[in-house]
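1. can't give you the sequence, but here's the structure:
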């Protein structure tokens, strides 16, 4: 296995999202898939790393070329509705962090 | 479930580590545990989020108050030896990114 996508040279941006679910996950998977597709279609999208824990915790890092791409995506109307539904139904809690990647190291055996 | 630790006000730093294992993981769990303990004992350590996938991929975000703390930890002699062993044995590939958290949002149902 190798990295999910080839990183550009820094600087670039990472959105670090940690979510903990409620008991009511009806509709969550479909919305999550739809948001992933829309997020990838945004200008400046670079790639993502994502894992889900046994207790439903998600840890997702989504990479964008610049901050403007993130701001535009955050304000997308369909995305805003998904965020609202997330707070109303699916998320017990979450944190979202916007971070500027300043340095990066990679290693690959191949 | 709530966030693993309370974040300070930005700016602070995140080290985003993505690793993919080899078939030879002898000694890895013990070393990983030791490095987590040492990393937490570093000045400036804030907390971490961490998940492991079914295929052994690890996604870890370790938070520090400033960049100097990260630089010091990277150069720690025991840590350097662990990094060397990682490249020699345990990791098929990895990426390490040092990122400055500029903005953060949190939500909690409670």
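-> Thanks, I have it. Treat the numbers as computed from the prediction; the structure is a model and nothing was measured.

2. Only C-alpha atoms from now on, for both contacts and neighbour counts.
-> Fine.

3. quick one: contacts of the longest helix that chain A contains?
-> When chain A is scanned for its longest helix (criterion: DSSP state H), the result is helix A:28-41. Under the criterion Cα atoms under 8 Å, 6 or more residues apart in numbering or on different chains, residues A:45-47, A:73, A:79, A:82, A:90 lie in contact with helix A:28-41.

4. So which of the residues you listed belong to strands?
-> Counting by DSSP state E, the members of the contacts of helix A:28-41 that fall within strands are A:45-47.

5. Now which of these would you call buried?
-> Those of those that meet the buried threshold are A:45-47, by 16 or more other Cα atoms under 10 Å in any protein chain shown.

6. so where do the strands sit in chain A?
-> Remark: strands of chain A, listed N- to C-terminal, are A:12-21, A:45-52, A:58-64, A:91-108; assignment by DSSP E.

7. picking up where we left off before, of the buried ones among the ones in strands among the contacts of helix A:28-41, which is the nearest to residue A:62?
-> Proximity of these to residue A:62 (Cα to Cα) peaks at residue A:47, which lies at 6.1 Å.

8. For the closest one, name its beta-bridge partners.
-> residue A:63 (DSSP bridges).

9. follow-up on the earlier one: kindly reformat the strands of chain A as CSV containing mean pLDDT and distance to residue B:8.
-> Listed next are the strands of chain A as CSV, based on pLDDT from 0 to 100; distance: least, Cα to Cα, whole Å:
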stretch, mean pLDDT, distance to residue B:8
strand A:12-21, 96, 15
strand A:45-52, 95, 24
strand A:58-64, 96, 19
strand A:91-108, 96, 12
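
10. With distance to residue B:109 added, can I get these in a markdown table?
-> Listed next are the strands of chain A as a markdown table, based on distance: least, Cα to Cα, whole Å:
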| stretch | distance to residue B:109 |
| --- | --- |
| strand A:12-21 | 10 |
| strand A:45-52 | 20 |
| strand A:58-64 | 17 |
| strand A:91-108 | 5 |
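
11. rewinding a little: of the contacts of helix A:28-41, closest to chain B?
-> Proximity to chain B was ranked across these by Cα to the nearest Cα; first place goes to residue A:90, at 10.2 Å.

12. Point out the residues in chain A that sit beside chain B.
-> Chain A has residues A:1-3, A:14, A:18, A:20-21, A:49-53, A:59, A:87, A:91-110 near chain B, with proximity defined as Cα under 8 Å from any Cα of the partner chain.

13. mind redoing it with 6 Å?
-> Selection of chain A residues close to chain B by Cα under 6 Å from any Cα of the partner chain yields A:1-2, A:20, A:92-109.

14. hmm, which of those residues are the buried ones?
-> Burial by neighbour count, judged by 16+ other Cα under 10 Å, picks out A:1-2, A:20, A:92-101, A:104 from those.

15. coming back round to it: ok, of the buried ones among the ones in strands among the contacts of helix A:28-41, which one's closest to residue A:68?
-> Proximity of these to residue A:68, judged by Cα to Cα, is greatest for residue A:45, which lies at 11.0 Å.

16. Spit out the contact partners of the closest residue to the closest one other than its chain neighbours.
-> Counting by Cα to Cα, 6 or more residues apart in numbering or on different chains, residue A:45 lies nearest to residue A:64, which is 4.5 Å off, once chain neighbours are set aside. Residue A:64 makes contacts with A:13, A:44-46, as judged by Cα atoms under 6 Å, 6 or more residues apart in numbering or on different chains.
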